[in-house]
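Engineer: Sequence and computational prediction follow.
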There are 2 protein chains.
Amino acid sequence: MAAMHRSEHDACRAWQLLMKFFFAQREHLPSSEGEFDLSPIQCHVLHLIEPGRPLPMSRLAETLSCDASNVTGLVDRLESRGLVRRQPSPEDRRVKALQLTPRGARMRAQLLRRMARRSLPLSRLSRDKRRTLVKILEALVDEGSI
Amino acid sequence: MAAMHRSEHDACRAWQLLMKFFFAQREHLPSSEGEFDLSPIQCHVLHLIEPGRPLPMSRLAETLSCDASNVTGLVDRLESRGLVRRQPSPEDRRVKALQLTPRGARMRAQLLRRMARRSLPLSRLSRDKRRTLVKILEALVDEGSI
DNA sequence: CGGAGATACTTGATTTTGTCAACTATTTAT
DNA sequence: ATAAATAGTTGACAAAATCAAGTATCTCCG
């Protein structure tokens, strides 16, 4: 620890903080407020499927860094609640793309609104910090290359 | 979505990016490289127990925003691997404080070193950005108040 | 002092997440 | 045309998470 370079130390610290934030944030997730009955992961999946932008299951597995069979299970549960639909792709009949049902889209919108609301840790940041954070994270997640 | 204020939009985006980063990160976790046989959560718990700083199980449950019984299970598994010890507190005989065993401390150190080195996305950031990120996350997680 | 209520942790039942290996169907590449 | 790769599913199972109920201990108040 003492022998750690400054840059290493920062990377390490950033990792720890991100993990802490991840867990801390679950407390504020709509899931724990009863009105939705969604787990944190289900919330995240709903967030990842943008309305009108079908998402192949394989891409979801990639984004979640998990096994494809896990995605099958996640989607099974979301589908059984009528939030998501599997749509077979015309170009490649192996792939099934995920689409929000109208109910799923409504739920997602509610979710986003709820997460953005006041008094959550994120909204307590100054505007500048929030914009800076977004920029740094965009670089990290490397969304530009998609 | 269209009706969302700019600040809400940023908070929302930051939330999505943080979640994405969290999942992307798991791919690079030591757990998935075989040499340790620890799940991401076990890594995080190990990270949270600082050597020489016994951590009451209730505080761990708080930090993880989860039920106490979940912590019991997590600690059971870590204890059975000889990484962690439950130490009954002398002042309050209800609480059990978690301590790293020598083996646990070694594992934790390795973990930190490994997390800092690796070609993680984090190390691609400039030094300045990394420092800024750490500062903003500290504000988010509100560690100052501890 | 003594009991009421709060707190820390455990146990048992149950659901959800997550992994792996094996399988089907389809596509790509040789 | 065949072989190899890819997308998804299934089944078996471990790990993570929740809830309700229970034990032990502590705190506080009359």
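Structural biologist: Received the coordinates, thanks. These numbers come from a predicted model, not from an experiment.
Engineer: Look up how far A:R93 lies from A:V134.
Structural biologist: 38 Å (CB to CB, to the nearest Å). For glycine as for every other residue, the C-beta is placed from the backbone atoms N, C-alpha and C.
Engineer: If you count surrounding residues, which of those two has more?
Structural biologist: Higher neighbour count among A:V134 and A:R93: A:V134, with 19 against 8, using other CB atoms under 10 Å in any protein chain shown.
Engineer: does the more buried one sit in a helix or strand, and which one?
Structural biologist: A:V134 is located in helix A:127-141, with elements delineated by DSSP states H and E.
Engineer: Quick check: chain neighbours aside, which residue is closest to the residue most central in space within chain A?
Structural biologist: Geometric centre of chain A, nearest residue: A:H44, 3.4 Å, by CA atoms, centre = their mean. Nearest non-adjacent residue to A:H44, counting by CB to CB, 6 or more residues apart in numbering or on different chains: B:M19, 5.2 Å away.
Engineer: Assumed the one you found was part of a strand.
Structural biologist: No. B:M19 is assigned helix when assessed by DSSP: H, G, I helix; E, B strand; the rest coil, not a strand.
Engineer: which residues touch it?
Structural biologist: Shown in contact with B:M19 (CB atoms under 8 Å, 6 or more residues apart in numbering or on different chains): A:22, A:44, A:47.
Engineer: Now that we have the residues you listed, can you turn them into JSON lines and tack on pLDDT?
Structural biologist: Formatted as JSON lines, these follow (pLDDT from 0 to 100):
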{"residue": "A:F22", "pLDDT": "87"}
{"residue": "A:H44", "pLDDT": "95"}
{"residue": "A:H47", "pLDDT": "94"}
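Engineer: so can I have CSV of those residues showing secondary structure?
Structural biologist: Converted to CSV, these look like this (three-state DSSP):
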residue, secondary structure
A:F22, helix
A:H44, helix
A:H47, helix
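Engineer: Show me the shaky parts of chain A.
Structural biologist: A:1-4, A:31-35, A:118-119, A:142-146 (pLDDT under 70).
Engineer: can you map out the helices along it?
Structural biologist: Secondary structure of chain A by DSSP state H: the helices cover A:6-26, A:40-48, A:57-64, A:68-80, A:102-116, A:127-141.
Engineer: buried sites along the first one?
Structural biologist: Of the residues in helix A:6-26, those with enough neighbours to count as buried (16 or more other CB atoms under 10 Å in any protein chain shown) are A:7-8, A:10-26.
Engineer: Would you tell me which residues of chain A are close to DNA strand C?
Structural biologist: A:39, A:41-42, A:64-67, A:69-70, A:73-74, A:77, A:91-94 (CB under 7 Å from any atom of the strand).
Engineer: how about those residues, which pair is most distant?
Structural biologist: Distance extremes for those: the farthest pair is A:S39 and A:E91 at 32.3 Å, using CB to CB.
Engineer: Neighbour count for these two, which is higher?
Structural biologist: A:S39 (15 against 5).
Engineer: any idea how far that one lies from DNA strand D?
Structural biologist: Separation of A:S39 from DNA strand D (CB to the nearest atom of the strand, to the nearest Å): 8 Å.
Engineer: thinking again about what came up before, A:R113: which of the residues of chain A next to DNA strand C is nearest?
Structural biologist: Of the residues of chain A next to DNA strand C, the one sitting nearest to A:R113 (CB to CB) turns out to be A:Q42, at 17.1 Å.
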